[in-house]
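*Asks:* Pasting a predicted model and its sequence here:
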Amino acid sequence: MITCYLRYVIDPFKIKEFEHYAKLWIPLVNKFGGQHHGYFLPSEGANNVALALFTFPSLGEYEQYRKDSFNDPECIAAFKYAEETRCVLSYERSFFKPLF
């Protein structure tokens, strides 16, 4: 099992746009076999940092999801929305193995 941690730097004046973008991705990750744990929007503290967490059964299945997402019309539309609204300024991706 592998959990992807995404840290976004977002435009603080476009939180509603980012929220829409996030809501697009939750069902898409699930559609490709992952389990989305949600997005975390700014509240207290930094107003330009958002997070997302989702899990796939293996790194290989995550990599297949990434490959397939570039050919999926809904994923392409989500990528395009972020690009057009410029709600995401940058992001970084890290992977973690859960410990229970």
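*Replies:* Nice, thanks for sending it over.
*Asks:* Give the buried residues for the one helix or strand Tyr65 maps to.
*Replies:* Tyr65 is part of helix 59-69, with elements assigned from DSSP states H and E. Under the neighbour-count criterion of 16 or more other CB atoms under 10 Å, helix 59-69 has 61-62, 65, 69 buried. Just so you know, the C-beta spots here come from the backbone N, C-alpha and C atoms, and that holds for glycine as well.
*Asks:* Spatially, what comes nearest to the most centrally placed residue in the chain if we skip its sequence neighbours?
*Replies:* Among the residues of the chain, the one closest to the centroid is Ala52, at 5.4 Å (CA atoms, centre = their mean). Residue nearest to Ala52 in three dimensions, not counting chain neighbours: Leu6, with 4.2 Å by CB to CB, 6 or more residues apart in numbering.
*Asks:* What helices and strands are in contact with the strand or helix carrying the one you found?
*Replies:* Element membership of Leu6 [criterion: DSSP H and E] is strand 2-10. Counting contacts by 3 or more CB pairs under 8 Å, 6 or more residues apart in numbering; DSSP states H and E, strand 2-10 packs against strand 49-56, helix 59-69, strand 88-96.
*Asks:* Reformat those into a markdown table and put distance to Glu17 next to each item.
*Replies:* As requested, the helices and strands packed on strand 2-10 are exported to a markdown table (distance: least, CB to CB, whole Å):
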| stretch | distance to Glu17 |
| --- | --- |
| strand 49-56 | 12 |
| helix 59-69 | 20 |
| strand 88-96 | 9 |
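*Asks:* can you put these in CSV and add distance to Tyr81 and mean pLDDT?
*Replies:* Rendered in CSV, the data for the helices and strands packed on strand 2-10 read as follows (distance: least, CB to CB, whole Å; pLDDT from 0 to 100):
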stretch, distance to Tyr81, mean pLDDT
strand 49-56, 15, 97
helix 59-69, 14, 95
strand 88-96, 10, 96
